[in-house]
Structures are given as structure tokens and as C-alpha cells.
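Asker: Please work out how this folds:
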Amino acid sequence: MPGPADRRAMTAKNRKIPARVGAWVLLGLGLLHFAVLAPRLVYPDPVRAYPFMDGDSQEWIANGLAMAGVDVHGTARPPLVPLVLMVLHRTGTLGWFPVINLLCFLLLAGVVGRMAKRFYAPRTAFVLALCVLGNYSLQSLSLDFMADFMAATLLASAVLLFLSAERDPRMYLPAGLAAGLSAVTQQAALLLPVPLGAVLLVFRRGHGRSRWTWIGAAAFAVFPLSWFLWKWLSFGTMGDVGPSHWGLLRPHLTGLGFYVFGAAGMLGMPLLLLFAGGALILTVPAMRRAGEAAILGTLICLGVFFVFLYDFNARRFLLYLVPFMLVAAGAALDRIKGSVPFWTLSAAAVLWSLCPLPARGNDPRFMALWPLPPVYAEAGCERAPTGSAILRAGRTRLVRGTAEDLLRHSPWSRTLRAWRERPPGATAAAPPGAEGGRALYLHGGERPVDRASVIFGLGNALERKIKIVPHSFLAPWWPALNPRILGSVGEHTFARADLAPLPGGLLLIWDRTDPPPATDAPPPAPLPPRQEALGSARDILAWMERPTHYMALVPESGAGASEALFLVLLGDVRNMFVIPPERKAETTDFVAAFPKTDGRRFGPLRVEKALVLGRPSLLVYY
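Answerer: Now for the predicted structure:
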């Protein structure tokens, strides 16, 4: 007959069985998810054919191609993902990047499970990991060709390793490495020293005497500091080079309703209510213990930043909060006594989390009110001045779906459907004869041009820099250029033209529905000697500050048309705006509000240096 010690050993052994079974279940589900999706995410030409592109996807690809030496517009985005894309491009495996994101998704489920297991019973950790693995929004976001999933997974991994360092200070080294790598993937991890540093000062003062603490801090700092130093040496600034991310830092309240609705849509109402209760429960132990303080402090720090300080609302930013929201929700779930209430509430949390929405993961408009048959709340959505989304609760409406909608909207179904509809094979991005020369994209000016899709999307496909100009800009040159139509690919028409004394000629591109007006009329005024105009353009570029973030060419007398054309062709400024005549007054009024730092004439051109939105800029009047 077994004694007390034997009975305790048998009880401890039996307690491990559910945890082991749960781990095998999660592993099996993860492998199944990977086996179904991974082979169907690898497209031979992801730039043109990959179906899950978000707003910044092509810009990330452009940064990777630029690092690989391709002549496209780079914007000095955080370098880790561009470095990965550079390696993939050089090895001919650029289409495998979505598989890396898929692996990050599976790793995030494991990180949340391990983090929860430090605080709660194995069954609670299992449910929370399952809520990640089955979550529709997380699955959908992991398909996007973006950097956020990698950054969020590294950030959550860094916090998990920081928790492990309480017993083994050597874990500060991998924690610092993970946090540093996250900071050069996306910059949210730059906030980690605030909550984790506070934990060290309050709860782990003795660790300040360990060399591993300082080694970990140095491992974290070396990555962002190296990146900032490179930007300063290359561009004269440690801040933004391309997109104005740092310029969006300002207090605001527009994100509160957006992120509450977004969290309800991403987690589901049961998990959101568990989070609200769990966050309150964690408050007391967070004042006494380092682990809970690290979780709650990181959640508060990231939440305050995205909701109240970063004036660009995006549902994907919840990726950085969700791991810690789930761990906080576990504090409420773990307190539920009895198997039936626990598993009933867990099933509801998983079911709402699993419920597919009628839109992709970054679309903020939808929230599931009931999973089967699905009933959704769709909020009204408007575009903010910053380009992000603002939700309007007063325009919310109910949307009823069917069981078939759940299958149709699921990430598996979306991926399989896109794979079946993919192009049969790689096709040329441009017709024969489009190689070489400087590329101009022409538009009529009557409708706005999607600059990102032209500069990055079309530029990546052609692997070259593209400047955008209105038809009117080339009107004085059109008879002399006498462009030769090469053909059309997709929605674009391509033509070649020669322009001495520049070698290589011009590649002219326009939308097939917006062709340049045909004319056989002679130029409205004699064009000046081209060599002289080319010299003036080069003199302006030599006088221009480095870096110049914006260049605007504003029509005035029209006498400097030749100089302006060569300036556009030679100038390497991504934010280059050639203003059509109908927008001259609007542009002049806009730039009049910004301080001018210098000005002079170059032949017929009047050129001014200015600080537009605090950035060195060049205003050219021709």
C-alpha cells in the first residue's frame, strides 16, 4: 500500500499529464496550421502576385531591395526586416517571407503559453495559448507582408526571457538581444526600458550588481544605437528619413474608442471582459512581485503610447498589446472554480476568438457579437488627416451572416482561394524594350495618384525608381520626345523616348485609362539649349542640402521647363512633387506658411530652401 510520500508523487505526476497533453494538442494544431498554409504562401513573384499586402508592404519590400543594391526608393525603415528581405532576394527566395511571419505567429502562441504558465495552472495557460493559435485576427495579420508580427513576437519573447532572469540573471542577455532586435524591426520595443527598468529598480535591486544585467542592457542598446548612428551618418538625422513616424507623437484622444472597439473585435467579448477583470486582479500582486509588475507595466506603457500618444490608429498595433492582455485575462480565468464553469467560459473565449470577421485582420470596422450564426457590429469608419482610421460609433450597424460565411472568411479559406486564383506563372512586369533609362509616371491630374503604389509597388515590380509627373509637365517636350509605344502590361502602358544629352532615354508609363493627350502641335515656346539646362539642374542639386526630404516644382512662367525636367530626372528625392497648373495657387498658399532659409536663381528658375513640416525642403518655381 503506497505511503503518503508515494501518494504525493503520484498526485504530482497526474497533475503533469494535462499540461503534457495540452502541449501536444497545441503542437499538433500548430503543425496542422503550418502544413495547410505554408506551401500556399510562397509565390514566385510576391511583389506582383502575393494577395495579402497591407498599406506599407511594398515599402518594406522596397527597403529590402534597396539594401540588396536594386535601384528603388528606400526610406530607411527599421533595418531587420529589410535585411531579411535582402538575403531572401539575393537567394531568390523573396516569396518565403510570409512563411517566416507564419512561424512568428506559431512562436507567439508558445510565448503566451509559457508566460501564462509562470503565473497560472496548466489548463489556464493551455486556453490562453489556444486563444492565440485559433484567433482569426492574429491568423489574418500573420499573412500580411509586414514587419509587425515579427516585432511583436520578439517583444513578447524579450519580456518572457526577462521574467526568467529573476532566477537566472544570465537570461538578461537573450532578453536584451530579443528586445534590441524587436526595436530594429519596429520601434515599439524602445519603450521596454521604462517598465522593465522600473521592475529592476523596485524588485530586483540586487541584480544591479550582476554583470549579466548590464550585458543584457548593452545587448539591447547596441541594435537601435547602431541604426540611429547609421541614419545620422547617412542622412544627417537620427529621426525619420522617409515616413514621418516621429512627427505623429502628440497627445490625443481619438484612439481610445478605436482601440477599445478593436480589442473587442480582435479578442472577442468574453476575453475582453476577462481582461478587464484580470487587469484589476493583477494590480495588487503587481505591487508586490516582479513578474506581475513586468506584465502589467509593459501593458500600461505600450497601451498609453499607442492609444494616447501615437496619433496614427491601426488595428495591427494591438499585436504588441495582445500577449500581455491575454496573460492579464488569465488572472480572472484562473480564479474560476470548478471544471464546468472554467471550461464553459474557456470555450466561449476560444469560440469568439476563432470567429472569422467579414474583413481582413487590420480592418478595424468589425466586431463579433455572436459567433454562430455570426452577428457582427460594423462601425462607421472615416479617414483621419494623418491617413489612419477613425471609428464613428453613431454609424454602427448590425450585420448578420451565415454558417457558410464563417468558412468563406476564415484565413484557411482566404488563403486557399487566393492560391487557386493565382496567376499561372511568372509574367514580365513590363513589355520588351522597357529596360534602362529613367522612368516617369504620367497622370492627368484630374484624379489623385496613389503615390505609394506607383513609387513602391510599380517601382518594385520594375526594380527601378519612378518619378510622378502630370501630363502638362511634359507638354512642351512631347513633340520632340516622340514616344514609341512598347505595349501594355496589366493596367499600365509603356513607351520609350530619347532625351539627349542624358544617356539611356526615358521610360514613360501611364494608366491605360488616363493616357497623355495626343498632340502634333509644336512646343508653345522655343526650348533652351539642353546642355545649358542640364548644367543648371546639376548646379541646383549641388546647392541642395543633404538630405532634402521634400522637393516641389511649381509652375510659374514656364520658362524653365527644360531645367525642371532635368531636375526631376536627376534629383534623388522620393518625396518629389511636380505640381500641375491647376494646383499652383493651393500649393503656393500651403508652402507660404513655412520658413525659408535661403534662395537664389538658377537661370530661369527661382529656387528656395525651406523647412516644410520641420524638414529641409526645396521649392522650385519654373
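Asker: Tell me which stretches of the stretch 301-450 of the chain form helices.
Answerer: Listed in chain order, the helices of the stretch 301-450 of the chain (DSSP state H, counting those that start in this stretch) span residues 322-333, 339-354, 403-409, 411-420.
Asker: which stretches of the stretch 101-250 of the chain form strands?
Answerer: Using DSSP state E, counting those that start in this stretch, the strands of the stretch 101-250 of the chain do not appear at all; there are none.
Asker: which intervals of it have sub-threshold pLDDT?
Answerer: Counting by pLDDT under 70, the stretch 101-250 of the chain shows low-confidence ranges at 236-244.
Asker: What score does residue 518 have for pLDDT?
Answerer: Among the per-residue scores, residue 518 holds a pLDDT of 66.
Asker: cool, the one 3 residues further on as well?
Answerer: With respect to pLDDT, residue 521 has a value of 50.
Asker: cool, and residue 9?
Answerer: Listed pLDDT for residue 9 reads 48.
Asker: let's have the chain start at 2 instead
Answerer: Fine by me, first position is 2 from now on; the one you just mentioned is residue 10.
Asker: re earlier: to residue 397, which of the helices of the stretch 302-451 of the chain lies closest?
Answerer: Ranking the helices of the stretch 302-451 of the chain by their distance to residue 397 (criterion: C-beta to C-beta) puts helix 340-355 first, at 18.1 Å. Placement of C-beta: from N, CA and C, glycine included.
Asker: Mind putting the helices of the stretch 302-451 of the chain into CSV with distance to residue 39?
Answerer: Written out in CSV, the entries for the helices of the stretch 302-451 of the chain read as follows (distance: least, C-beta to C-beta, whole Å):
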stretch, distance to residue 39
helix 323-334, 23
helix 340-355, 20
helix 404-410, 21
helix 412-421, 10
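Asker: which one of the ones you listed has the lowest average pLDDT?
Answerer: What stands lowest among the helices of the stretch 302-451 of the chain, in mean pLDDT terms, is helix 404-410, with a mean of 91.
Asker: Tell me which residues are up against it.
Answerer: 137, 356, 357, 358, 359, 373, 374, 375, 414 (C-beta atoms under 8 Å, 6 or more residues apart in numbering).
Asker: Most neighbours among those, please name it.
Answerer: If you count neighbours using other C-beta atoms under 10 Å, the busiest of the contacts of helix 404-410 is residue 356, which has 26 neighbours.
Asker: so that one makes contact with residue 369?
Answerer: Yes: the criterion here is C-beta atoms under 8 Å, and residue 356 meets it with residue 369 at 4.3 Å.
Asker: quick one: common contacting residues for the two?
Answerer: By the contact definition C-beta under 8 Å, 6+ apart, residue 356 and residue 369 are jointly contacted by 269, 375.
Asker: Centre of the chain to the longest strand anywhere in the chain, how far?
Answerer: As assigned by DSSP state E, the longest strand anywhere in the chain is strand 390-401. Averaging C-alpha positions (C-alpha atoms, centre = their mean, to the nearest Å) puts strand 390-401 25 Å from its chain's average.
Asker: Kindly report the same for stretch 191-204.
Answerer: Computed by C-alpha atoms, centre = their mean, the chain-centroid distance of stretch 191-204 equals 26 Å.
Asker: Using PDB, write out every CA atom in it.
Answerer: Listed in PDB are the C-alpha atoms of stretch 191-204, where the atom choice follows Å, rounded to 0.1, in the frame of the first residue of the first chain:
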ATOM      1  CA  LEU A 191      12.200  51.200 -27.400                       C
ATOM      2  CA  LEU A 192       9.600  51.600 -24.700                       C
ATOM      3  CA  LEU A 193      10.600  48.400 -22.800                       C
ATOM      4  CA  PRO A 194      13.300  50.100 -20.600                       C
ATOM      5  CA  VAL A 195      10.600  52.100 -18.900                       C
ATOM      6  CA  PRO A 196       8.500  49.200 -17.300                       C
ATOM      7  CA  LEU A 197      11.300  46.700 -17.100                       C
ATOM      8  CA  GLY A 198      13.800  49.200 -15.700                       C
ATOM      9  CA  ALA A 199      11.200  50.100 -13.100                       C
ATOM     10  CA  VAL A 200      10.900  46.400 -12.100                       C
ATOM     11  CA  LEU A 201      14.700  46.200 -11.700                       C
ATOM     12  CA  LEU A 202      14.800  49.300  -9.500                       C
ATOM     13  CA  VAL A 203      11.900  48.200  -7.300                       C
ATOM     14  CA  PHE A 204      12.100  44.500  -7.100                       C
END
